[in-house]
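Asker: here are the coordinates; sequence isn't available:
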């Protein structure tokens with residue numbers, strides 16, 4: 001019997017607060033209507049397993065399911081559905097005619113850097129005099145700054161185009177206007193009153209926006225502006241024409257890094273972009289693929305997110321985002337290779353920093369009964385690098401099952417990042433403390449704050465009291481959602497993996513399916529690998545597979561006690577030229 005679970009936010013069971021994080025609980029998927037499964041499978045000529053996965057994604061019609069299984073650039077929406085797109089294109093055209101300097105102003109993360117690179121290269125194709133500006137994360141913080149506006153003004157710029165930022169920068173944009181510069185905003189973040197007085201606001205999340213797809217990344221919105229410019233200047237009406245597909249490698253990298261839902265236009269763009277990455281003409285992209293070991297290998301969303309994204313992000317985290325941008329803009333093979341190696345070095349340094357800070361935080365928490373019983377972990381130090389606060393906060397949130405805020409203190413001011421579990425709206429909690437804060441922003445699961453050092457104890461107390469009320473004095477135990485359940489492993493074969501490939505690219509909103517199989521027998525002796533991973537063989541029915549459980553070394557004793565229920569991804573593994581199916585275990589019960 002095939003089972004399925006509709007995709008939604010993570011499910012959590014509630015348990016009393018405990019010092020030792022409890023183990024995960026595996027959920028058996030509910031059963032879908034077998035008649036509906038057979039009907040959809042027959043109409044699409046696919047296996048019933050595939051039909052069940054489509055139903056989980058609310059794809060109940062042949063047309064909707066077909067669009068999902070066969071993403072096509074011709075199904076992208078007209079960029080002029082953005083109400084201000086005509087104004088933006090007209091102002092850029094005016095700048096081109098008048099030979100004005102145009103500056104692309106972007107954020108310092110992967111989404112922002114790829115968006116800047118895309119628009120710089122697009123405008124260079126149009127013979128524009130174009131510059132760029134990325135703020136220093138450690139000195140300026142996120143988004144537009146007075147310093148940045150002043151700097152751009154001294155360069156003689158007449159038009160600023162923002163990417164991945166600007167929708168809340170009403171004061172900074174007012175400053176730009178007072179200095180005689182126009183601003184076009186392209187962004188995908190939520191707006192607030194008052195909206196900035198810009199020439200054009202290109203943002204799918206603006207109140208009342210008729211643009212159909214609200215979940216574009218920052219580089220996705222920049223791509224729509226590039227598409228509109230292509231239509232106007234090259235008289236084309238499709239993103240598959242002229243040179244725009246050459247930039248889908250950048251769109252893919254930025255979209256995957258920003259963890260937006262891989263549905264709708266994002267799915268179309270990333271699906272085409274993964275193919276473009278294989279033959280990218282960008283020297284920087286090729287150098288990154290070589291440096292990360294991905295060159296010539298199959299391109300998947302997870303490979304890009306876990307191998308390329310950290311290298312690009314590392315420069316911004318450690319205060320050198322311009323290095324990553326130069327990598328995407330250079331036409332020199334040698335320069336690209338040098339920059340890629342330097343980025344890899346930055347990432348090694350970043351890993352060492354976040355590991356050391358994580359270990360220090362765990363030591364402080366384990367040694368403090370007060371912190372162990374906190375509903376909201378708040379830790380601060382004047383010895384921590386501000387560029388890795390978000391990473392460490394995520395690790396603590398995952399380990400202790402509760403929201404966490406990490407703060408780096410310098411000259412009496414602390415800046416940091418919060419990360420939260422799905423059941424707790426961290427921005428709502430932080431907003432109740434706005435009277436203590438110099439600045440803040442974010443969303444349900446992540447937020448950034450700036451606060452005077454002497455206000456940190458009060459902030460910690462108020463966040464904890466808010467969390468205790470919201471969570472009713474209980475911690476939340478994450479459970480592993482499964483998508484398909486089978487009585488044994490006999491149903492898993494190469495045909496299954498071929499079917500799963502049709503659902504790629506996987507990511508937010510379209511997670512890789514998790515299988516549920518009970519009564520699995522562990523064959524031989526499981527091995528504990530370096531890094532705390534488990535390696536073992538498992539059998540159910542007539543079939544035996546290799547299995548690996550990353551960072552689950554603490555479950556070794558559970559494997560030797562007897563039959564276990566497993567939740568896992570089925571993946572292709574290649575070793576010494578031999579390919580086999582391997583189980584990537586995500587839950588043991």
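Answerer: That came in fine, so what should we check first? These figures come from a predicted structure and were not determined experimentally.
Asker: could you check how far residue 405 is from residue 419?
Answerer: Remark: distance between residue 405 and residue 419 (C-beta to C-beta, to the nearest Å) = 8 Å. Quick note: C-beta positions are derived from backbone N, CA and C, even for glycine.
Asker: between those two, who's got more neighbours?
Answerer: Using other C-beta atoms under 10 Å, the more surrounded residue of residue 405 and residue 419 is residue 405, with 30 against 24.
Asker: quick check, the more buried one in contact with residue 415.
Answerer: No - here residue 405 does not reach residue 415: they are 11.1 Å apart, not a contact under C-beta atoms under 8 Å.
Asker: now list whatever residues contact both of these two.
Answerer: Taking C-beta atoms under 8 Å, 6 or more residues apart in numbering as the criterion, residue 405 and residue 415 both touch residue 449.
Asker: show residues contacting the helix or strand residue 325 falls within.
Answerer: Using DSSP states H and E, residue 325 falls within helix 321-329. Identification of contacts with helix 321-329 by C-beta under 8 Å, 6+ apart yields 108, 110, 113-114, 116-117, 120-121, 132, 134, 136-137, 250, 282, 284-285, 287-288, 312, 315-316, 335-336, 339-340, 342-343, 346.
Asker: same check, this time on stretch 291-301
Answerer: The contact list for stretch 291-301, computed with C-beta under 8 Å, 6+ apart, reads 256, 262, 270, 274-275, 277-278, 286, 289, 303-304, 307-308, 311, 337, 340-341, 343-344, 504-507.
Asker: please pick the buried ones from the residues you listed.
Answerer: 256, 262, 270, 274, 277, 286, 289, 303-304, 307-308, 311, 337, 340, 343-344, 504-507 (16 or more other C-beta atoms under 10 Å).
Asker: restricted to strands, list the residues you listed.
Answerer: Nothing among those maps onto strands, per DSSP state E.
Asker: please narrow those to those residing in helices.
Answerer: When the buried ones among the contacts of stretch 291-301 are checked against helices (DSSP state H), the matches are 256, 270, 274, 277, 286, 289, 303, 311, 337, 340, 343, 344.
Asker: and those residues, which two are furthest apart?
Answerer: Greatest spacing in those, by C-beta to C-beta: 270 and 337 (26.1 Å).
Asker: surely residue 417 is within a strand?
Answerer: Yes - Residue 417: assigned to a strand according to DSSP: H, G, I helix; E, B strand; the rest coil.
Asker: neighbours of the closest residue to residue 484 other than its chain neighbours, how many?
Answerer: Of all residues not flanking residue 484 in the chain, residue 515 sits nearest, at 5.5 Å (C-beta to C-beta, 6 or more residues apart in numbering). By other C-beta under 10 Å, 22 other residues sit near residue 515.
Asker: looks like residue 515 contacts residue 497 (just checking).
Answerer: No - using C-beta under 8 Å, residue 515 makes no contact with residue 497, being 11.6 Å away.
Asker: shared neighbours of these two, anything?
Answerer: Shared contacts of residue 515 and residue 497 (C-beta under 8 Å, 6+ apart): residue 570.
Asker: what's whichever helix or strand residue 570 is part of packed up against?
Answerer: In this assignment (DSSP H and E), residue 570 forms part of strand 564-575. Packing partners of strand 564-575 (3 or more C-beta pairs under 8 Å, 6 or more residues apart in numbering; DSSP states H and E): helix 494-501, strand 515-529, strand 543-549, strand 578-588.
Asker: run the chain-centre distance for that strand.
Answerer: Remark: strand 564-575 is offset 23 Å from the chain centroid, using C-alpha atoms, centre = their mean, to the nearest Å.
Asker: output the helices and strands packed on strand 564-575 as a markdown table; include the columns mean pLDDT and distance to residue 72.
Answerer: Formatted as a markdown table, those follow (pLDDT from 0 to 100; distance: least, C-beta to C-beta, whole Å):
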| stretch | mean pLDDT | distance to residue 72 |
| --- | --- | --- |
| helix 494-501 | 93 | 17 |
| strand 515-529 | 93 | 29 |
| strand 543-549 | 95 | 35 |
| strand 578-588 | 93 | 30 |
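Asker: turn those into TSV, including distance to residue 70.
Answerer: Listed next are the helices and strands packed on strand 564-575 as TSV, based on distance: least, C-beta to C-beta, whole Å:
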stretch	distance to residue 70
helix 494-501	13
strand 515-529	25
strand 543-549	31
strand 578-588	26
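Asker: residue 148: which of these is closest?
Answerer: Among the helices and strands packed on strand 564-575, the nearest to residue 148 by C-beta to C-beta is strand 578-588 (42.7 Å).
Asker: report the angle between that closest one and strand 564-575.
Answerer: With axes from the mean of the first three to the mean of the last three C-alpha atoms, to 10 degrees defining the directions, strand 578-588 sits at 150 degrees from strand 564-575.
Asker: for strand 578-588, enumerate the helices and strands it packs against.
Answerer: Judged by 3+ C-beta pairs under 8 Å, 6+ apart, strand 578-588 is in contact with strand 543-549, strand 564-575.
Asker: relative to residue 64, which of the ones you listed is closest?
Answerer: Closest to residue 64 of those is strand 564-575 (C-beta to C-beta; 24.9 Å).
Asker: in its sheet, what does the closest one sit against?
Answerer: Looking at strand 564-575 with DSSP bridges, its partner strands are strand 515-529 (antiparallel), strand 578-588 (antiparallel).
Asker: so what touches stretch 92-100?
Answerer: With contacts defined as C-beta under 8 Å, 6+ apart, stretch 92-100 is touched by 102, 123, 126-129, 157-159, 161, 184, 229, 232-233.
Asker: kindly apply the preceding question to stretch 206-218 instead.
Answerer: With contacts defined as C-beta under 8 Å, 6+ apart, stretch 206-218 is touched by 77, 81-83, 106-107, 111-112, 115, 163-165, 167, 186-188, 191, 195, 203-205, 224, 254-255, 258, 260-261, 263-266, 509.
Asker: stretch 564-584 too?
Answerer: Residues from elsewhere that reach stretch 564-584 (C-beta under 8 Å, 6+ apart): 26, 480, 482, 492-494, 496-497, 500, 512-520, 522, 538, 545-548, 550, 558, 585-589.
Asker: out of those, which are buried?
Answerer: For the contacts of stretch 564-584, a burial check counting by 16+ other C-beta under 10 Å picks out 26, 480, 482, 492, 496, 500, 512-518, 520, 522, 538, 545, 547-548, 558, 585-589.
Asker: poorly predicted segments of the stretch 151-300 of the chain, please.
Answerer: Applying pLDDT under 70 to the stretch 151-300 of the chain flags residues 235-244.
Asker: which residues of it fall in strands?
Answerer: Along the stretch 151-300 of the chain, counting by DSSP state E, counting those that start in this stretch, strands occupy 157-163, 182-186, 200-202.
Asker: make JSON lines from those strands and add mean neighbour count and distance to residue 529 to it.
Answerer: Shown next, in JSON lines, are the strands of the stretch 151-300 of the chain (neighbours: other C-beta atoms under 10 Å; distance: least, C-beta to C-beta, whole Å):
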{"stretch": "strand 157-163", "mean neighbour count": "28", "distance to residue 529": "42"}
{"stretch": "strand 182-186", "mean neighbour count": "27", "distance to residue 529": "45"}
{"stretch": "strand 200-202", "mean neighbour count": "26", "distance to residue 529": "48"}
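Asker: in this protein, which residue is closest to the centre?
Answerer: The centroid of the chain falls nearest to residue 259 when counting by C-alpha atoms, centre = their mean (2.4 Å).
Asker: show me the contacts for it.
Answerer: 507, 508.
Asker: swap in 10 Å and give it another go.
Answerer: 111, 217, 305, 309, 445, 507, 508, 509 (C-beta atoms under 10 Å, 6 or more residues apart in numbering).
Asker: likewise residue 91?
Answerer: Going by C-beta under 10 Å, 6+ apart, residue 91 touches 84, 100, 102, 158, 159, 161, 182, 183, 184, 198, 199, 200.
Asker: any idea how far residue 217 is from the second one?
Answerer: So the one you mean is residue 100. According to C-beta to C-beta, residue 100 stands 28 Å off from residue 217.
Asker: who's more crowded, the two?
Answerer: A direct count of neighbours by other C-beta under 10 Å for residue 100 and residue 217 places residue 217 higher, at 28 against 18.
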